[in-house]
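>>> prediction below, plus the sequence it came from.
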Amino acid sequence: MATQTQPLTLNLTRIVKAPAARVFKAWTDPKQMHNWFGCDQMASLEVKQDFRVGGDYRVDMHLHDGSINTVYGTFLEIVPDKKVAYTWSNESQQYPANDTLVTVEFVGQGDQTVINLTHARFEDQNSCDGHSHGWSFALDKFSSLFQ
């Protein structure tokens, strides 16, 4: 009898004190990503992206220890001020991600926005947990930009 494993998913939510258009721009603009993207071990960031459906992106996170963590993928869906979805891969040995799926929804509620982030298709719990830690750190930093 074969054992079937289901890919793992993480879901995170934050409420930001800004309208959806401003939040969406801060999430997707490479210049603004420097203010929030990455983990607590990051020293600097390089972002290259072709922000359109079918366009690719690459983010190089330069860590304090001199190493570089790279994530890359393709934009699958862009709904201005509402949603962005993209594949996410890396070459990490500790927290591998191969063609996982990130979906970020921006739900405007007057002068604030609810951010719902789903990162799906992890093959193991350790990778899912590692990405959950990284995304939590980034979302907290992102949210603080609007206080």
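Yep, it's here. Numbering: from 1, shown residues only.
>>> phi and psi next, for Asn126.
phi -60, psi -40 (degrees, to the nearest 10).
>>> what separation is there between the closest residue to it other than its chain neighbours and Thr118?
Leaving aside its chain neighbours, Asn126 sits nearest to Tyr95 (6.8 Å; criterion: Cβ to Cβ, 6 or more residues apart in numbering). Bear in mind the C-beta positions are built from the backbone N, C-alpha and C, glycine included. In this view, Tyr95 and Thr118 are 17 Å apart by Cβ to Cβ, to the nearest Å.
>>> the more surrounded of those two?
Between Tyr95 and Thr118, counted using other Cβ atoms under 10 Å, the more crowded position is Tyr95 (19 against 15).
>>> looks to me like Trp27 is in a helix.
Yes. The assignment for Trp27 by DSSP: H, G, I helix; E, B strand; the rest coil puts it in a helix.
>>> that one: neighbouring residues, count only.
Trp27, neighbours per other Cβ under 10 Å, totals 19.
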